[in-house]
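1. build me a model:
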Amino acid sequence: MTDRLVTVVTGGASGIGKALAATAAERGMAVAIADVEWERAKSVASELGRDTDVKGYACDVTDPASVADLAQSVSHDFGGVNYLFNNAGVAAGSTVEATSPADAAWVMSVNFMGVFHGVQAFLPYLKEAVARKQLARIINTGSENSLGLPALGPTSVYTASKHAVLGLSDALRRDLKESGISVSILCPGLVQTNIYDSYRNRPADFGGGKRISEKRAEAVIGMMKQTGQAAHITAQICFDGIDNDEFIIIADSRVRGFAEKRHAEVEAALGRTDARLAGLGENYPPYE
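-> Numbering: from 1, shown residues only. As a prediction, this is how the structure comes out:
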């Protein structure tokens with residue numbers, strides 16, 4: 001077992017994933033860069049360190065067998081796992097009405113089921129780290145869309161997938177409360193990445209290599225380039241949050257407006273429910 005922390009990053013060959021991998025390497029960690037684009041993952045690994053420090057792996061997060069193979073390979077190569085970044089993600093920009101079942105299946109298979117598969121495959125290795133008195137943490141990449149609805153137009157299925165990641169992360173935090181394994185969800189805002197070009201890796205089963213909503217994708221890509229946060233800043237904030245043992249790590253304060261709007265709606269709805277229940281003479285004990 002290496003005496004360094006071992007970090008795994010899915011979707012690690014570009015964007016936020018590459019920045020997370022680079023930050024981990026800068027911190028002296030051994031890093032496994034997993035990506036559906038294996039050649040790119042190997043190239044980034046070569047950029048960041050020696051083969052004994054940083055290694056690239058092929059992984060399709062939609063396939064549980066592929067993720068299980070990744071977990072086994074990383075543990076074999078580095079002697080264990082400490083940090084798991086379930087980061088792989090794809091984007092779709094369309095309304096619910098205009099989204100095909102194939103579009104929805106692709107986004108949910110990567111953004112949500114990819115996280116689910118990662119958690120299940122790596123949990124045994126993270127538990128082994130705890131048994132060795134080492135740090136163990138799962139960090140799932142959510143989005144500003146996990147917290148509310150930004151004014152970026154129709155990103156319906158993508159938003160649903162990132163809400164699901166928040167729900168899964170919260171449930172996972174509860175499930176692992178006594179395990180010694182910590183959980184975080186990273187919620188970036190607009191970041192300078194190529195997520196809207198992720199269609200290039202879209203399998204035939206999910207509609208093949210066509211971009212979803214071409215016009216919308218081009219508009220968001222332009223906005224990302226002009227006003228998006230640099231990925232290395234997102235990664236730095238993420239690791240700062242990990243150091244502080246934070247569950248929700250928000251990387252961009254521009255999300256404040258719509259996040260507060262969502263919470264205000266919940267508070268208002270609770271107030272109305274209190275009044276309705278009182279009018280009906282109902283008074284329930286709190287949940288345990």
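2. quick one: secondary structure of the closest residue to Arg262 other than its chain neighbours?
-> Closest residue to Arg262 in three dimensions, ignoring its sequence neighbours and counting by CB to CB, 6 or more residues apart in numbering: Gly148, at 4.0 Å. For every residue, glycine as well, the C-beta is placed using N, CA and C. Using DSSP: H, G, I helix; E, B strand; the rest coil, the structure places Gly148 in coil.
3. swap in the one 3 residues further on?
-> Reducing the assignment to helix, strand or coil with three-state DSSP, the entry for Ala151 is coil.
4. burial count for it?
-> Residues within reach of Ala151, counting by other CB atoms under 10 Å, total 6.
5. surely it is in contact with Arg254?
-> No. Counting by CB atoms under 8 Å, Ala151 does not reach Arg254; the two are 10.7 Å apart.
6. re the thing from before, quick check: the residue nearest to Arg262 vs Lys261, distance?
-> Going from Gly148 to Lys261 by CB to CB, to the nearest Å gives 6 Å.
7. neighbour-wise, which of these two wins?
-> Using other CB under 10 Å, the more surrounded residue of Gly148 and Lys261 is Gly148, with 18 against 12.
8. quick check, the more buried one in contact with Ala264.
-> No. With contact defined as CB under 8 Å, Gly148 and Ala264 do not form a contacting pair (10.2 Å).
9. state the number of residues packed around Gly271.
-> Gly271: 10 neighbours (other CB under 10 Å).
10. and it, what pLDDT?
-> Looking at Gly271, its pLDDT is 97.
11. try Ala92
-> Listed pLDDT for Ala92 reads 70.
12. check which helix or strand covers it.
-> Under DSSP states H and E, no helix or strand contains Ala92.
13. quick one on the thing from earlier: from Gly241, how far out is the residue nearest to Arg262?
-> Distance of Gly148 to Gly241, computed by CB to CB: 19 Å.
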